[in-house]
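Visitor: need the 3D shape of this:
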Amino acid sequence: MIVRQEKGFTLIELMITVAILSVVLGIAVPSMSSFMDKRRVIDAAEAVHSMLVYARSEAIARSTNVAARIDANAMGVSTNTACNPSHILTDASPCVLSVDGVNVLKRVVTSDYPGVTFATTTNQITFDPTRGTVPVGQNGTIRVSYEDYEIRVIIGVIGRVRLCSPSTAPVGGYKTCPV
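Guide: Okay, the predicted model is just below:
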């Protein structure tokens, strides 16, 4: 007599597998959400940092003042110190830089980072063309935050732009902000 073995899974084996997957997903989903929130703040803060470093280098390269204008919704870079960072190319006075005779929109918009907010101690930072310095009173801090996470972009008088995270809302991988 030939005994034939059936191939496949029993109902009990499938139920145990589903139960284990449920437990693993129950643990992973909340930490993934936290990771995404933190990543959103990091991306926005690094975009602001990059834009400010770019503005400083353009001021030196063009031998003219270049301003970074900041409001609650956007940050833009332009040689026009009266530009509106929330405006696009078709609006009046957007923040643009002329590159080979073509106006290029240079801005970071909070809507690209849902839920992230910008808070600042100054609404304009003008970089001097001589050494890329910033006038006293325009140096300051831009706070980029979302829920329990915050990164600060600090602009010093000598034009240095750096990132830090406060100890009250820490984001790993960044130095703690001075008190």
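Visitor: center of this protein, which residue is that?
Guide: The centroid of the chain falls nearest to residue 44 when counting by Cα atoms, centre = their mean (0.8 Å).
Visitor: please enumerate the strands of the protein.
Guide: 66-70, 74-78, 96-99, 102-105, 107-109, 117-120, 124-127, 140-146, 149-155, 161-164 (DSSP state E).
Visitor: dump those strands to TSV, plus mean pLDDT.
Guide: Output for the strands of the chain, formatted as TSV (pLDDT from 0 to 100):
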stretch	mean pLDDT
strand 66-70	91
strand 74-78	90
strand 96-99	87
strand 102-105	86
strand 107-109	89
strand 117-120	88
strand 124-127	91
strand 140-146	89
strand 149-155	92
strand 161-164	94
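Visitor: now the ones you listed as a markdown table including distance to residue 54 and mean neighbour count?
Guide: Backbone N, C-alpha and C define where each C-beta goes, glycine included. Listed next are the strands of the chain as a markdown table, based on distance: least, Cβ to Cβ, whole Å; neighbours: other Cβ atoms under 10 Å:
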| stretch | distance to residue 54 | mean neighbour count |
| --- | --- | --- |
| strand 66-70 | 9 | 26 |
| strand 74-78 | 7 | 25 |
| strand 96-99 | 9 | 15 |
| strand 102-105 | 11 | 12 |
| strand 107-109 | 10 | 21 |
| strand 117-120 | 17 | 18 |
| strand 124-127 | 10 | 22 |
| strand 140-146 | 15 | 20 |
| strand 149-155 | 13 | 23 |
| strand 161-164 | 10 | 19 |
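Visitor: any chance of these in JSON lines with distance to residue 172 as columns?
Guide: Formatted as JSON lines, the strands of the chain follow (distance: least, Cβ to Cβ, whole Å):
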{"stretch": "strand 66-70", "distance to residue 172": "26"}
{"stretch": "strand 74-78", "distance to residue 172": "25"}
{"stretch": "strand 96-99", "distance to residue 172": "34"}
{"stretch": "strand 102-105", "distance to residue 172": "33"}
{"stretch": "strand 107-109", "distance to residue 172": "23"}
{"stretch": "strand 117-120", "distance to residue 172": "21"}
{"stretch": "strand 124-127", "distance to residue 172": "27"}
{"stretch": "strand 140-146", "distance to residue 172": "15"}
{"stretch": "strand 149-155", "distance to residue 172": "10"}
{"stretch": "strand 161-164", "distance to residue 172": "12"}
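Visitor: between the ones you listed, which gets nearest to residue 16?
Guide: When the strands of the chain are compared by Cβ to Cβ, strand 149-155 sits nearest residue 16, at 37.9 Å.
Visitor: sheet-wise, list the partners of that closest one with their directions.
Guide: Strand 149-155 has the following sheet partners, assigned by DSSP bridges: strand 140-146 (antiparallel), strand 161-164 (antiparallel).
Visitor: contact partners for residue 119?
Guide: Applying Cβ atoms under 8 Å, 6 or more residues apart in numbering to residue 119 gives the contacts 72, 142-143, 145.
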